[in-house]
Structure formats: structure tokens, C-alpha cells
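Engineer: Here's my sequence, what's the structure:
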Amino acid sequence: MLSDVSTLSQSRAITLEHLRAFAVVAHCRSFQKAGVKLCRSQSAVTQAVKRLEAQLNCTLLYRSHGHVAGLTPEGERILPEIVDVLLRLDHVIQAGRRPELKGRIQVGIPPSFSAVELQGAVARLLALNPGLQIGIISDMSSDLEQMLVEGSLDVALINQYRFDDGTLPQGIFQELCRQPLLWLCNAPKVVNHAGEIPLLTYSEGSPWRAAAVDALDQAGLAYNFAYVSASYESLCCSLLAGFGVTALPGWDIDERFCIVDGSHGLPPLPAVRTVLKSRSQSTVVQQFCDFIAGLPFFVRAREHRHD
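Structural biologist: Alright, predicted model coming up:
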């Protein structure tokens, strides 16, 4: 108990003002621009960052004649965590300001988004809204599209490989994130194949699979399905075991994987996206969609979008 009190006392010395000041300075690379964005004086922003550095006992920014020259390794390491804290706080505040959600929503998600972060977010939403019930189905995007048409789903997160921004469907439709697919392996030597390329993919109906297969077919490259699964975790395990190569978007990639560059002879891959769709425009469905779109995971993905 005493150790908990001591930890709490230390954390109180770091304020949200300190965290926001560092996050905005890191983004703007300027104390002056950060001050304008935060509606604070430049000196106030400078002092906030210095106090944060003092509490953490490290230097977060490289400074040169009063200007920000970049982030130190400590700054690079801690920035994503600070941004995540700020995003989660803003998300909680927004959720608290909305009226309580009541009713039942049937939600469909592709396998890659049955991750801990999304499940944790739904758990927090249910805790804030005791009168809300959520049923979740994880399936391939093509099947989720069909369930939306049939009415067995109220909302679905849909992965898309082929899409047309000029023709938007009726109801609720929002792009959550868009990034190029990337070829991945556990080590470059896996790509130095002889004969057919060992391809690791999701089950049929996955846009990631369709994009990879189309790219290989168009390049005239032979391949075989070395591992097929509907599970993101299982696909990652097969990749790390060295069974072959796979194609995933940037938001599904972590430091365990090796990104395959163009020198290995694999064809370029297209941009893909995840969208939020619903045929219903009821208040509870709209508020649920706003909640999902505001999750830190999707906010970060949109901020780092590159086509």
C-alpha cells in the first residue's frame, strides 16, 4: 500500500499540461508554434517540457540555440505512450459528455481487429453504458458485407482492397484508416525462394489475400498457399516461424516482422483501408460509430496515413 501511495505521489507531479506541451512541441518541432497551438506563451511551454524532463530525469528534446533540433532516444521512446494517454483521456471525456447508450448492437469485425485494444475499448464502453448490449462477430470482410445486407449486423468494420471514393453507400460510412500493404517475412532469406513463393494468407474473402494474389498474378510469379488462417495471431505465428511471406497493412505490423523491400523481386502492393459501415442511422448506432472512429488506434493510424 505504501509503495502504491509513493507511486501515485510521483505521478501527480507530472500534469497533463506537461504531457501536452511535450507532445505538441514534438509534433511542431518548435516551442513557438506549440505555444500558438496550445494558446500558451512560448516560455510557459518551454517550462512545462523542462519540468517533465526533470520529473522523468532525462532529456527528451535536442535543443540548438533555443530551437528544437529533434527528439532524443528517450523522447522517441516515450512520445507514443504520452500521445496514447492524451488520446485515451480525450476519448473518455467525449464518451462521458454523450448521453447513455441503451439497446443492443450487433457488430462485425475482421480478424485483425479482434485485438486486445478493440476488445478493451468495447469493455470500457459497456462499463460507461450499463444499458447497452454489444454482440461481436469476427469474420472475413466479404462475409461481413453480406451480413450487413441481410440485416444480421447493425455495424461492421470492413477491410477493402478495391474501393471507389466517388460512390458512397447510403447509411453511415466512414473511412477509419488507409495505408499501403507491405510484404513481410521473419528474415530476408525467406524471400530468396527457389520456384514458388510460399504465401501466408487469411482465409478466402480477405481483401489482404486478394490484393497479394492479384499482385503476384499480374507479375507472373508462381506461389503456393503455405499457410491459410482466419486468425491474425495464427498468421503472425506462421510468419515468425519462417513458413513464408505475407502482406499486411502498416497498422498490423510491429517490430517482430521484417519488411521486404523491392530488391527481393516481389511486386508492389496497393493501398488498402478499413471503413465503418451501417445501414442504420439510429442515434445509438451513430454514437457507437463515433466512439469506434475516435479510438486512439484509429486516430493514430489516420495521423500516420500515407498512400
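Engineer: give the contact list for the residue nearest to residue 25 when sequence neighbours are not counted.
Structural biologist: Once flanking residues are discounted, residue 25 sits nearest to residue 34: 4.4 Å by Cβ to Cβ, 6 or more residues apart in numbering. Backbone N, C-alpha and C define where each C-beta goes, glycine included. For residue 34, the contact set (Cβ atoms under 8 Å, 6 or more residues apart in numbering) comprises 21, 24, 25, 27, 28, 40, 42, 45.
Engineer: mind redoing it with 7 Å?
Structural biologist: 21, 24, 25, 28, 45 (Cβ atoms under 7 Å, 6 or more residues apart in numbering).
Engineer: per-residue confidence for it?
Structural biologist: In this model, residue 34 is scored at 87, pLDDT.
Engineer: That one: which element?
Structural biologist: helix 31-38 (DSSP states H and E).
Engineer: Mind listing what's buried along that helix?
Structural biologist: Within helix 31-38, the residues that qualify as buried are 31, 32, 33, 34, 35, 38, counting by 16 or more other Cβ atoms under 10 Å.
Engineer: my guess is the second one meets residue 41, correct?
Structural biologist: I take that to be residue 32. No: judged on Cβ atoms under 7 Å, residue 32 makes no contact with residue 41 at a distance of 9.7 Å.
Engineer: picking up where we left off before, which of the contacts of residue 34 sit farthest apart?
Structural biologist: Greatest spatial distance among these (Cβ to Cβ): 21 and 28, at 10.7 Å.
Engineer: The two: who's more crowded?
Structural biologist: Set side by side, residue 21 and residue 28 give different neighbour counts by other Cβ atoms under 10 Å, the larger being at residue 21 (25 against 17).
Engineer: What strand or helix carries residue 158?
Structural biologist: strand 155-160.
Engineer: for that strand, packing partners?
Structural biologist: Here strand 155-160 touches strand 103-109, helix 141-150, helix 207-218, strand 271-278, helix 283-293, going by 3 or more Cβ pairs under 7 Å, 6 or more residues apart in numbering; DSSP states H and E.
Engineer: Next, format the ones you listed as CSV and append mean pLDDT.
Structural biologist: Converted to CSV, the helices and strands packed on strand 155-160 look like this (pLDDT from 0 to 100):
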stretch, mean pLDDT
strand 103-109, 89
helix 141-150, 90
helix 207-218, 94
strand 271-278, 90
helix 283-293, 84
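Engineer: of all the ones you listed, which lies closest to residue 128?
Structural biologist: Of all the helices and strands packed on strand 155-160, helix 283-293 comes closest under Cβ to Cβ, at 9.4 Å.
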